[in-house]
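Predicted model and sequence below, questions to follow.
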Amino acid sequence: MTVRWGDMDAMGHVNNIMLFQYMESARVGFFETMGWKGWKETSARQGPVVVSQTLNYRKQLLYPAELEVGLRCTEIRGRSFVLQCGIFWKDSDDLAGDGATVLVWLDYGSGKAVDLPLDIRRALTEK
């Protein structure tokens with residue numbers, strides 16, 4: 001990911017909310033590599049919903065910068081799963097931030113969490 005000039009705030013560094021957006025972009029890419037594109041289907045009746053998100057800010061990000069965002073599934077539960085994320089400067093082990101996102105599998109009609117479908121559970125296990 002490329003840090004844009006507009007990602008910075010009045011303090012002269014990348015605004016903290018942008019790191020959550022970098023995590024979001026990584027999450028969407030992760031789902032695409034799993035083959036799940038339910039958000040593109042108007043007929044989708046179930047899907048992942050973020051219920052909790054944490055982020056540790058390790059070092060300030062400044063423009064310009066190229067980043068690599070790593071994401072992996074660290075826990076699979078009955079109706080939810082946890083994705084852990086690390087935001088690094090490109091080609092470096094230098095960590096700008098790390099965090100975790102808890103997602104539940106939601107039935108959109110009822111608004112209630114349901115068991116993770118077997119194909120999603122399998123895809124999360126393989127990643």
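In hand now; what should we look at? Keep in mind that what you see is a predicted model, and the values were worked out from it rather than measured.

only C-alpha atoms for contact and neighbour calcs from this point on.
Will do.

what about the helices in the protein?
Per DSSP state H, the chain carries helices over the ranges 16-34, 118-126.

do you know which of those lies nearest residue 77?
helix 118-126 (9.1 Å; CA to CA).

could I get the closest one in CSV with only the CA atoms?
Output in CSV follows, covering the C-alpha atoms of helix 118-126 (Å, rounded to 0.1, in the frame of the first residue of the first chain):
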residue,chain,number,x,y,z
LEU,A,118,-18.0,-25.3,6.4
ASP,A,119,-16.4,-23.8,3.2
ILE,A,120,-15.5,-20.6,5.1
ARG,A,121,-14.1,-22.6,8.0
ARG,A,122,-12.0,-24.7,5.5
ALA,A,123,-10.8,-21.6,3.6
LEU,A,124,-9.7,-19.9,6.9
THR,A,125,-7.9,-23.1,7.9
GLU,A,126,-6.0,-23.2,4.6
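
List of residues touching it?
34, 73, 76 (CA atoms under 8 Å, 6 or more residues apart in numbering).
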